[in-house]
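K.L.:
Sequence plus predicted model, see below.
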Amino acid sequence: MPDKYNGTWDTIKKNISQEGPLSLYKGVIPPLATVVPIFAIGFLGYGFGKDLVADPDQETLTGSQVLFAGLVSGASTTFITVPAERIKCLLQMQGNNTKKYNGFVDCGIKLWKEGGIRNLYIGTSATFLRDVPATGLYFCSYEQILRYLSVEPDKATWEPLLAGGCAGVVNWVVSMPFDTLKSKLQTASLGEYPRGLRSVYPAMVKKEGVSVLYRGIIPVLFRAFPANAACFWGYELCMDFLDKHIPWL
Ligand SMILES: CC(=O)O[C@H](CC(=O)[O-])C[N+](C)(C)C
């Protein structure tokens, strides 16, 4: 079967002409509804991981301590990320003419009725493998780049922006192969890949080559840089505010 889409622009053009401009926002509700708790839990897990490994009198953490804290952060969000991603991917994949799900809640209920909690949690190992190492390297690269850029104790605005953007790129370069496998697993019909990752990996790579694991990386990186630049800028603003006004927290 020929490819349905031929690159990023072709995908955008075909989606707009066939289903209208709003089709580019298909599946936006699950990430919108879960982005705040996911990032809140992620940063909480990061802080908890730091507390686990840091000495009370230690001022700056070593690279491996930051990496460990990032791994804890990545592991802490999996339970909420998996069902949100499952629903998002299914909503993104359904065509306008063959609609099975009527939005976020309807999709969640139908998945539950069809296969219980296990059905909502299809793709757990792939999500775990996508998020844990990538989040470790995400925080580690952020801290290391920031240390390299900051010569003065007070950070200039552009420093967390640049370090955050680069951390987002690192995150996706590391996690993209597992993200591709996760999305394939989460949108397949029940039983199509009975051994999960061990079935979907050979099926995809045999058919399309290893490069299939990085398909779609360009738009992902175009989003990742500004999104994570803004995320870390907001994080630093919050930390400064808390340090100034609620230092005992
Ligand atoms: C998969 C994902 O949400 O990645 C985050 C970065 C991004 O571009 O959204 C990072 N993190 C996994 C740490 C939440």
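P.N.:
In hand now; what should we look at? Numbers count the residues shown, from 1 in each chain.
K.L.:
ranges for the helices of this structure?
P.N.:
Taking DSSP state H, the helices of the chain run over residues 8-19, 29-53, 63-76, 78-93, 104-120, 124-149, 158-187, 197-208, 217-245.
K.L.:
Let's have those in CSV, adding mean neighbour count and mean pLDDT.
P.N.:
For every residue, glycine as well, the C-beta is placed using N, CA and C. Formatted as CSV, the helices of the chain follow (neighbours: other Cβ atoms under 10 Å; pLDDT from 0 to 100):
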stretch, mean neighbour count, mean pLDDT
helix 8-19, 13, 91
helix 29-53, 16, 92
helix 63-76, 22, 97
helix 78-93, 20, 95
helix 104-120, 15, 96
helix 124-149, 21, 97
helix 158-187, 22, 97
helix 197-208, 14, 96
helix 217-245, 15, 95
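K.L.:
Can I get those in TSV including distance to the ligand?
P.N.:
Formatted as TSV, those follow (distance: least, Cβ to the nearest ligand atom, whole Å):
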stretch	distance to the ligand
helix 8-19	17
helix 29-53	5
helix 63-76	6
helix 78-93	7
helix 104-120	17
helix 124-149	4
helix 158-187	5
helix 197-208	17
helix 217-245	4
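K.L.:
In terms of pLDDT, where does the residue of the chain positioned farthest from its centre sit?
P.N.:
Largest separation from the mean C-alpha position in the chain: residue 57, at 33.3 Å (Cα atoms, centre = their mean). In this model, residue 57 is scored at 87, pLDDT.
K.L.:
and the closest residue to residue 203 other than its chain neighbours, how many neighbours?
P.N.:
With sequence-adjacent residues excluded and distances taken as Cβ to Cβ, 6 or more residues apart in numbering, residue 203 is closest to residue 193, at 6.9 Å. Look at residue 193: counted by other Cβ atoms under 10 Å, it has 20 neighbours.
K.L.:
Tell me who's in contact with residue 193.
P.N.:
By Cβ atoms under 8 Å, 6 or more residues apart in numbering, the contact list for residue 193 reads 184, 185, 199, 200, 203.
K.L.:
And residue 155, by the same measure?
P.N.:
Counting by Cβ under 8 Å, 6+ apart, residue 155 makes contact with 146, 236.
K.L.:
Quick check, pLDDT for it.
P.N.:
Residue 155 is given a pLDDT of 76.
K.L.:
Tell me how far it lies from residue 75.
P.N.:
As defined by Cβ to Cβ, to the nearest Å, residue 155 lies at a distance of 28 Å from residue 75.
K.L.:
So for this protein, the centremost residue is which one?
P.N.:
Centre-most residue of the chain, counting by Cα atoms, centre = their mean: residue 131, 6.8 Å.
K.L.:
what's near enough to touch the closest residue to that residue other than its chain neighbours?
P.N.:
Closest residue to residue 131 apart from its sequence neighbours, by Cβ to Cβ, 6+ apart: residue 74 at 4.3 Å. With contact set as Cβ under 8 Å, 6+ apart, residue 74 has these partners: 42, 45, 131, 132, 133, 134, 135, 136, 138.
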